[in-house]
Structure formats: C-alpha cells, structure tokens
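1. Give me a 3D structure for the following:
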Amino acid sequence: MERRSFIKKSSFSGLALTLVPSIAFSKDKDFEYSILELMGKTDIELHGKGINLRKEAHDSFLAMKKAAYSDGIDIKIVSSYRNFYRQEAIFERKYITYTEEDGMKPIDAIDKIIEYSTIPGTSRHHWGTDIDIVDGYRKVEGDVLVPSKFEAGGPYEDFKKWMDGNSKKFDYHIVYTDDPKRKGFKYEPWHYSYAPISIPMLTAFRQKNIPQLLQEETFEGSEHFTRGFLKSYIQNNILNINKELL
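-> As a prediction, the model looks like this:
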C-alpha cells in the first residue's frame, strides 16, 4: 500500500466561530478537524496509488471495487483528493476564461463556475473522503463526467445501476442527487462520499466562520465574494446535499 502526503505552507489561521448550528457527529465523534485540514491547506495521509483517500475510505473503496469486478464493473477513480491550491487553480482558470475570453460579468462567471465546481476551501475533495468515479471498462470519448452518460442508453447506465444497488453497503453515498427540489450544485451521478468520515467533517466545517475566512482570500474572483453571497453558497451548495450525508 502506498502512502503519500500533500502539503503547502500557509499562514492561514483557523477561526471557530459558528456559522450555523452543528449537528451531532455520526462517527469518529472524538476526532477534531482543524480549519486547515477542512479547507485543504495542510497535509493529510493518503492511501493507494491513483486512489488518494484516507485509510478507512481507501479500504472500503477497494472492497467495493472488488465486489463490482464480479459483476462486470470496473470502478475507476477520475478524481479524489484535491488540496486547496489545486481547487484554486481550477477556479481561477474557469474565472479567467469566462470573464476575459467570454466577456462575462464577474458575478455571472462565479455563478456559472459553481454549477459544478466549488470555491477553493469548500470542496469535499479536500477531505480525502470523496471520489468522482466511472466504469473503466467503457471506452468513452470526450468528457466522461456528463450526467447523460449515466442515464438509460448511456455508456455508464449499468455502472449507475450497480452503484445505486450496492454503494451504501460500503458506506459510499452519492452527494449531489437529482432531486428537483435540491438547490446548489447540479446533479452529479459520479460523485460519491465515504459517510463515516465525511459526515463528522461536514459537521466540523459547519462550526467554522467560512464566509469570513473566504473573504480573506486573494485568488482571482474572490474580491467579488460578499458575505451574503457566501452564506447563500454554503447553505445551497455545501449543505443542500443528499440527506444521508448530513
């Protein structure tokens, strides 16, 4: 088993002010997560070449992958752990493209970005618990993370059916459902989270004053974050998820 750590130095300091009332820890309740860890600004121990998850999430993923093999499915990770600085690069690239190349107004560009991409420091991929996955047996051209490819007749139809019927056995839950009443990020049939760790991490995240911390950031576009926008973003995009993960 390969173990790796990712680290980037930062003077970023944590604050423990309350944003919204917290909920009880599901598991791992005695473990405290620092703001640097929650926002992807410090090193964490990651396991597995090409997997990059915390130990328990890694082991459960391998068990799920093995079970899927027997049913003709090859669960392939497209994306797992991303630190703050990787998410920052993604956000800035999209922001610059939309504002400078496409001529969009800054707030419109940000709204478009957060249809699928998180603001740096708020991504569940910072936690080492979440994965974007597809069926590696299927040869698909272009972008693989497209909702229609997971629907009936799409190349990942069988994969989606298998995950619907089996992922919870391994404590993996889809994050952004197709519930029409859900706000925030659009439906992502490829994004799953290891609940035993991500639930307490989300609880810890909710106890931090994230709007204030994000307003201290200086990446492209961050100067347009108002406190009202950030509170709405956290409520709709971060907390309006599969209720099984709350």
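
2. you'd agree residue 46 is up against residue 57?
-> No: the pair residue 46 / residue 57 is not scored as a contact, 9.7 Å apart, by CB atoms under 8 Å. Heads up, the C-betas are built off the backbone N, CA and C, glycines and all.

3. just so I have it, where are all the strands in the chain?
-> 3-5, 45-47, 75-79, 130-135, 172-174, 191-194 (DSSP state E).

4. so residue 132 bridges to which residues?
-> residue 79, residue 191 (DSSP bridges).

5. now residue 194, nearest residue through space, not along the chain?
-> In space, residue 194 comes closest to residue 57 once its chain neighbours are excluded; the distance is 3.8 Å by CB to CB, 6 or more residues apart in numbering.

6. Could you do residue 147 as well?
-> residue 187 (5.5 Å).

7. that older thread, what residues does the residue nearest to residue 194 make contact with?
-> 128-129, 194, 197 (CB atoms under 8 Å, 6 or more residues apart in numbering).

8. list residues touching both of residue 46 and residue 57?
-> With CB under 8 Å, 6+ apart, residue 46 and residue 57 have common neighbours residue 128.

9. Counting residues, name the longest helix you see in this structure.
-> Ranked by residue count under DSSP state H, the longest helix found in the chain is helix 55-69.

10. buried set for that one?
-> Buried residues in helix 55-69, counted by 16 or more other CB atoms under 10 Å: 56-62, 64-65, 67-68.

11. what's near enough to touch the residue sitting nearest the centre point of the chain?
-> Closest to where the C-alpha atoms of the chain average out (CA atoms, centre = their mean) is residue 124, at 3.1 Å. Applying CB under 8 Å, 6+ apart to residue 124 gives the contacts 118, 130, 175, 193, 198, 202.

12. Including neighbour count, could the residues you listed go into JSON lines?
-> As requested, the contacts of residue 124 are exported to JSON lines (neighbours: other CB atoms under 10 Å):
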{"residue": "118", "neighbour count": "20"}
{"residue": "130", "neighbour count": "25"}
{"residue": "175", "neighbour count": "20"}
{"residue": "193", "neighbour count": "28"}
{"residue": "198", "neighbour count": "26"}
{"residue": "202", "neighbour count": "24"}
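
13. For residue 92, list the residues it contacts.
-> Residue 92 neighbours (CB under 8 Å, 6+ apart): 219-221.

14. now with 6 Å?
-> If you count contacts by CB atoms under 6 Å, 6 or more residues apart in numbering, residue 92 has them with 219-220.

15. And residue 218, by the same measure?
-> Per CB under 6 Å, 6+ apart, neighbours of residue 218: none.

16. mind checking how far it is from residue 88?
-> 10 Å (CB to CB, to the nearest Å).
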